[in-house]
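# got a predicted model here, sequence first, then my questions.
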Amino acid sequence: MPEMTDPVANVQWVPLEKVEANDYNPNIVAENELRLLHVSIAQDGYTQPVVTVYDEDRDRYVIVDGFHRYLVMKYHDDIREARGGLLPVVVIDKPMNDRMASTIRHNRARGKHHMDGMAGIVFQMLDGGWDEEHICAELGMEADELIRLKYVTGFARLFEDVEYQKAWETRRQIRLKRDYTRRGDGVEATT
């Protein structure tokens, strides 16, 4: 087995009051995503520790990554009380520029959800028996966000096995049909 020198091999549970934000993180999380983070921690626990640098002179852990995980504990009694006011942290030892670079790498490495992948997950959840309200609650989505996702990325999948009659024609279809009828060839345009 390799030597365990990665910070994650040494997770510590430290009192929340000994942890503080850095003064340079440009990352901002929308209110909805922060609510979702609360739900995630409440239901799944802390699955990732907060990355910090220990300031020995002040006996404080300064956050490099995980500020929002810290905020969830700070502002939510249920999370704080369930963990006895202790926040899981790992400590790295780096000078300031390296800390800032690490913060940016952590932020950028998270990326964003690709819309098609997100739509696939939503459709699997629908097929698995969850209703839209449950999906919205679990994924931190607003109802209109779910509707847009369904329309933009595959709403037609919901109607694959449904028989229906043509209820409307596009302007192009009407024009083509009219043009064919005028020519007298008796062929109706269907596109």
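The structure has been received and is ready for your questions.

# in the protein, which spans are helices?
Along the chain, counting by DSSP state H, helices occupy 31-44, 67-75, 77-82, 96-109, 115-127, 132-139, 143-153, 171-183.

# dump those helices to JSON lines, plus distance to Val90.
Quick note: C-beta positions are derived from backbone N, CA and C, even for glycine. Listed next are these as JSON lines, based on distance: least, Cβ to Cβ, whole Å:
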{"stretch": "helix 31-44", "distance to Val90": "17"}
{"stretch": "helix 67-75", "distance to Val90": "12"}
{"stretch": "helix 77-82", "distance to Val90": "19"}
{"stretch": "helix 96-109", "distance to Val90": "12"}
{"stretch": "helix 115-127", "distance to Val90": "29"}
{"stretch": "helix 132-139", "distance to Val90": "28"}
{"stretch": "helix 143-153", "distance to Val90": "33"}
{"stretch": "helix 171-183", "distance to Val90": "60"}
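
# contact partners for the residue nearest to Asp93 when sequence neighbours are not counted?
Closest residue in space to Asp93, ignoring its immediate chain neighbours: Val53 at 6.9 Å, by Cβ to Cβ, 6 or more residues apart in numbering. Shown in contact with Val53 (Cβ atoms under 8 Å, 6 or more residues apart in numbering): Tyr61, Val62, Val64, Val91, Ile92, Asp93, Lys94, Arg99.

# same question for Thr103.
Asn22, Tyr24, Asn25, Asn27, Val64, Asp65.

# equivalent analysis for Gly66, please.
Gln48, Pro49, Val50, Val51, Thr52, Val89.

# run a quick neighbour tally on the closest residue to Val29 other than its chain neighbours.
Closest residue to Val29 apart from its sequence neighbours, by Cβ to Cβ, 6+ apart: His68 at 5.1 Å. Look at His68: counted by other Cβ atoms under 10 Å, it has 18 neighbours.

# ok, now Arg35?
Applying other Cβ under 10 Å, we find 14 residues neighbouring Arg35.

# any idea how far the residue nearest to it when sequence neighbours are not counted is from Lys94?
What sits nearest to Arg35 in space, not counting adjacent residues and going by Cβ to Cβ, 6+ apart, is Gly140, at 6.0 Å. Gly140 sits 32 Å away from Lys94 when distances are taken as Cβ to Cβ, to the nearest Å.

# more neighbours: those two, which one.
Gly140 (17 against 12).

# please name the residues that touch the more buried one.
Counted by Cβ under 8 Å, 6+ apart, Gly140 has contacts Asn32, Glu33, Arg35, Leu36, Val39.

# circling back to that earlier point, from the contacts of Val53, list the buried ones, please.
Tyr61, Val62, Val64, Val91, Arg99 (16 or more other Cβ atoms under 10 Å).

# dump these to CSV, plus pLDDT and distance to Val14.
Shown next, in CSV, are those (pLDDT from 0 to 100; distance: Cβ to Cβ, whole Å):
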residue, pLDDT, distance to Val14
Tyr61, 98, 6
Val62, 96, 12
Val64, 92, 14
Val91, 96, 9
Arg99, 82, 18
